[in-house]
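Novice: here you go, sequence then predicted model.
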Amino acid sequence: MSKIFNCKDFGGTCNWKGQAETLEDLLKKISKHGAIKHNMKGMTEEMRVKIINVIRDQ
Ligand SMILES: [Zn+2]
């Protein structure tokens with residue numbers, strides 16, 4: 001089973017999808033994507049909780 005994150009689920013129109021075997025790996029990919037594409041400077045605890053809420057298992 002892997003974890004999936006659709007950037008669209010977090011609001012906005014970005015079609016990026018992240019996938020990883022573990023939550024920690026996926027969060028790393030998301031924060032990298034966020035930094036490059038959304039000018040996101042680090043991940044706050046609040047953001048982390050919101051992101052985790054939209055991550056799905058597949
Ligand atoms: Zn995105």
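Specialist: Thanks, I have the structure now.
Novice: from what I can see Lys3 touches Thr22, true?
Specialist: Yes - counting by Cβ atoms under 8 Å, Lys3 does reach Thr22; the two are 7.0 Å apart. Bear in mind the C-beta positions are built from the backbone N, C-alpha and C, glycine included.
Novice: show me which residues of this protein are close to the ion?
Specialist: Applying the criterion Cβ under 5 Å from the ion, the portion of the chain that neighbours the ion consists of 7, 14, 16, 37.
Novice: of the residues you listed - the most surrounded one?
Specialist: Comparing these on neighbour count, Cys7 comes out first with 20 neighbours (neighbours: other Cβ atoms under 10 Å).
Novice: got phi/psi on that one?
Specialist: phi -60, psi -30 (degrees, to the nearest 10).
Novice: per-residue pLDDT of it, please?
Specialist: Taken from the predicted model, the pLDDT recorded for Cys7 is 96.
Novice: picking up where we left off before, among the residues of the chain next to the ion, name the ones in helices.
Specialist: Lys37 (DSSP state H).
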